[in-house]
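Engineer: Kindly return the folded structure for what I paste below:
(chains A and B)
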Amino acid sequence: MTAASGLAVENSARATLDWAALLKDAVLAALVATLLALPLVGIQTYDIGGGALGIRTHFDWVAIAAAAVFAGRLALHLQHRLRRGGERRSETVFARLAAWANRRTMPITLVGIGFAVALPFLPFASRYLIDLGTTVLIYVMLGWGLNVVVGLAGLLDLGYVAFYAVGAYTFALLARDLGFTFWQALPFSGLVAASFGVVLGFPVLRLRGDYLAIVTLGFGEIIRIVLLNWSPVTGGPNGISDIPRPTFFGLPFARSAPEGVTTFHQFFGLEFSPGQRVTFIYFVILALALITNLFTLRLRKLPIGRAWEALREDEVACRALGINPTNVKLSAFGIGAMLGGFAGCFFATRQGFISPESFTFIESATILAIVVLGGMGSQMGVVLAAILLVSLPEFGRAFAEFRMLIFGAAMVAIMVWRPRGLLAHREPSLRLATRSTRGA
Amino acid sequence: MAYFLQQLINGLTLGSIYGLIAIGYTMVYGIIGMINFAHGEIYMIGAFISIIGFLVLGLIGISYVPLALVLVLLTTMLFTAIYGWTVERIAYRPLRGSFRLAPLISAIGTSIFLQNYVQILQGARGKPMPPLIQGGFTVFESSGFAVRLSYLQLLIIVLTLVLMAGFTTLIATTPLGRAQRACAQDMQMASLLGIDVDRVISMTFVMGAALAAVAGLMVTLYYGVVDFFIGFLAGVKAFTAAVLGGIGSLPGAMLGGILIGLIEAFWSGYFSVEYKDVSVFVVLILVLVFRPTGLLGRPELEKV
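Structural biologist: Modelled structure (predicted):
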């Protein structure tokens, strides 16, 4: 439809707003909502003891749901009618925000890093807040790692948590059986995870994108089931405990150290406080996350990073230009796995205890949600999404309960309205100068 | 021998359930080329609706088992089909023509949403269901080991066969089935020839959901307990079945389902119960690596 005829249609539509059709549509939507809500919302099952179930009815909720859908549908249509031709406002707001964020990357990054560094020393900082910050940063790091695979190379990995688990268990086993410390084990965690990534990726990376997603999901589950059942080595469902904490250049964070070992507070002549270790752990993950970020930003400028993005945009063209898709994908997969392994190693040392329970599919889905919501390929978006996701449950029990519900719905909504993420940055890092004005 | 036969019966029962779910995957994939990741959740919703249906009937006082069964079957199919239709309408239809991974990501979001939706509304604990159909007969007996075929297993296998026969006829002879096959071959051409493609896709989701609902009902009766997380594993297994049989092929889905059911039953019967899920995932990876077209599928050409 050309712009002119579109306008004409719009004018006539506005002149004779077809109320009958609108109402009919809204009533139908409400009817569907009623039918949807009737069995699951309207009737609730609950235990009445003795292995039997009773039911409670909530038909008022069904009515509310139907009314809400009726009103929502009507409002949506009216808004659509009134605004047709122009862009929706919410869209332009986000677009402007994204454009602004992308234009001012440097200052925003510096302010963000400055805030992250200063956080433990701010007057309102508590142990709880620093702990929360650490959790956020773990997810940021995982998100950035997954972003290499999903955002840059365009490979959907639904089993990313497997590499996280491999990294964590590598450290836990090295520490338990060979007495490794965190810093000694860190490179090995990354290395082992990367090898897993390459070994898994080699046979499956020539598959189509959606097959790859399912295979990675299967792989994630296999790792979890093996961890759960291979009790002699992994401790089965009980996991591995007493994982050593990180040391500050060999100085442990403890109230009293064994003979011949100086603790952190003794060395610096400070009063001992458990907060010191929490703060130190926070800085370790901050450093790891920033290194990850720097690493991926540099990678994007290397030929291999260019090849990832090119492959994401058009695989056939890449093949024609002599890029070997399998090798290029494999490198992305391996590097993503390595970053996941580092994060896993950190997770193990932070918790001091790991079990297969921490590495379920929900975890993979959460990391993927962070990447998708943030905008695939956008580093800043990942930070924003991670903060949102981790801090949401802290606002109260209701939020905790509804967190994954909201995130599931948000993933759909993002795909429908802003498929490139809240802060989208899918622009190729490099494009021909003459083309830049036309843009995508 | 007797033990083998017993595992065969168990595997066939399980395989029938997987096969019914797999049809939903294979039909959607055949027409719009996407993995409907939320299909396992649709099956889970079917199981919940069936358990609620039985409870409601119990309250009303309908205790004649065949009547209750038929009523619950029909209502479960109806309500679950509406869920299938709505999911397509909200989460997938707006994404036609979006980038390649968009529908899959949306499907994962839908799956997470539906899981938590049911968990919040119905609680996280498993819902027990007292056995409705009891008894069975001994097929074969040797050295003190009796091979039993319960009436429930028989019902599941027979109902699956009936549904499959009806479904195949529907696809082969009705105008809707013809339209579906046309869309699977070439969606653009089909729409040029006056087929309402959107409607055909909607109907595909409705049919897939209705069959998944039957699977949900069967699993409620068979295992006697249902929780909000059953859709995930069953979904992956049914998808594996669809891939094994050749995605896009209806007989393939059924064949794949039965093979997966047998693999799972024999694996847990002869090797280890703990690793039975691993066996299915290994099959999935092996099939995708060595024979991505599956047993009955046709190779897919990549067009530029």
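
Engineer: Quick check: residues of the stretch 151-300 of chain A near chain B?
Structural biologist: A:154, A:156, A:158, A:203-204, A:207, A:209-211, A:213-215, A:217-219, A:221-222, A:225-226, A:228-229 (CB under 8 Å from any CB of the partner chain). All C-beta spots, glycine's among them, are computed from the backbone N, C-alpha and C.

Engineer: redo that, cut-off 7 Å
Structural biologist: With CB under 7 Å from any CB of the partner chain as the criterion, the stretch 151-300 of chain A meets chain B at residues A:156, A:203-204, A:207, A:209-211, A:213-215, A:217-218, A:221-222, A:225, A:229.

Engineer: just the buried members of those residues?
Structural biologist: Neighbour counting by 16 or more other CB atoms under 10 Å in any protein chain shown classes A:156, A:204, A:207, A:210-211, A:213-215, A:217-218, A:221-222, A:225, A:229 among these as buried.

Engineer: quick one: which of the residues of the stretch 151-300 of chain A next to chain B is nearest to A:Leu146?
Structural biologist: Within those, proximity to A:Leu146 (CB to CB) peaks at A:Leu156, which comes in at 9.9 Å.

Engineer: just checking, A:Ala66 touches A:Ala33?
Structural biologist: Yes: here A:Ala66 reaches A:Ala33: they are 4.9 Å apart, a contact under CB atoms under 7 Å.

Engineer: I'd like to know which elements the lowest-mean-pLDDT helix or strand in chain B is packed against.
Structural biologist: Here the helix or strand of chain B ranked lowest by mean pLDDT, DSSP states H and E is strand B:136-142, holding a mean of 77. Packing partners of strand B:136-142 (3 or more CB pairs under 7 Å, 6 or more residues apart in numbering or on different chains; DSSP states H and E): helix B:2-32, strand B:145-150.

Engineer: and it, how far out from the chain's middle?
Structural biologist: In terms of CA atoms, centre = their mean, to the nearest Å, the centre of strand B:136-142 is found 29 Å from the chain centre.

Engineer: and what of stretch A:365-385?
Structural biologist: In terms of CA atoms, centre = their mean, the centre of stretch A:365-385 is found 5 Å from the chain centre.

Engineer: Leaving out chain neighbours, which residue sits closest to the closest residue to chain A within the stretch 151-300 of chain B?
Structural biologist: Nearest to chain A in the stretch 151-300 of chain B, going by CB to the nearest CB, is B:Phe281, at a distance of 3.7 Å. Spatial nearest neighbour of B:Phe281, excluding adjacent residues (CB to CB, 6 or more residues apart in numbering or on different chains): A:Gly218 at 3.7 Å.

Engineer: B:Val283 is in contact with that neighbour, correct?
Structural biologist: No: contact criterion CB under 7 Å: A:Gly218 and B:Val283 do not qualify, at 9.4 Å.

Engineer: Going along the chain, name the helices of chain B.
Structural biologist: Under the criterion DSSP state H, chain B contains helices at B:2-32, B:39-60, B:65-87, B:102-122, B:151-173, B:175-185, B:187-192, B:197-223, B:230-245, B:250-270, B:276-290.

Engineer: number of nearby residues for the residue lying closest to A:Val284 once chain neighbours are set aside?
Structural biologist: Counting by CB to CB, 6+ apart, A:Val284 lies nearest to A:Pro246, which is 5.8 Å off, once chain neighbours are set aside. The tally of other residues near A:Pro246 (other CB atoms under 10 Å in any protein chain shown) stands at 18.

Engineer: Now do the phi/psi pair for A:Pro246.
Structural biologist: Note on A:Pro246: its backbone torsions stand at phi -70, psi 150 [degrees, to the nearest 10].

Engineer: now do A:Phe268
Structural biologist: When read as degrees, to the nearest 10, the backbone of A:Phe268 gives phi -90, psi 0.

Engineer: Ok, B:Gly246 next?
Structural biologist: For B:Gly246, the backbone dihedrals (degrees, to the nearest 10) come out as phi 110, psi 100.

Engineer: residues contacting it?
Structural biologist: Residues near B:Gly246 by CB atoms under 7 Å, 6 or more residues apart in numbering or on different chains: B:252, B:293-297.

Engineer: any weak-confidence spans in the chain?
Structural biologist: Chain wasn't specified; assuming chain A. Per-residue confidence for chain A (pLDDT under 70) gives these ranges: A:1-17, A:50, A:83-95, A:101-102, A:209, A:255-260, A:377, A:396-397, A:420-440.

Engineer: try again with chain B
Structural biologist: Counting by pLDDT under 70, chain B has low-confidence residues at B:299-304.

Engineer: try 50 this time
Structural biologist: Applying pLDDT under 50 to chain B flags the ranges B:303-304.

Engineer: Pick out the residue closest to the middle of it.
Structural biologist: In chain B, the C-alpha nearest the mean C-alpha coordinate belongs to B:Ile21, at 0.9 Å (CA atoms, centre = their mean).

Engineer: Correct me if wrong: that residue contacts B:Leu233.
Structural biologist: No: using CB under 7 Å, B:Ile21 is not in contact with B:Leu233, being 11.1 Å away.

Engineer: Where do the helices of the stretch 301-440 of chain A begin and end?
Structural biologist: Taking DSSP state H, counting those that start in this stretch, the helices of the stretch 301-440 of chain A run over residues A:303-313, A:315-320, A:325-351, A:361-374, A:379-391, A:397-417.

Engineer: Between those helices, which one is closest to chain B.
Structural biologist: helix A:397-417 (2.7 Å).

Engineer: who touches B:Tyr83 in this structure?
Structural biologist: Neighbouring residues of B:Tyr83 by CB under 7 Å, 6+ apart: A:36, B:42, B:45, B:209.

Engineer: Okay then, goodbye and thanks.
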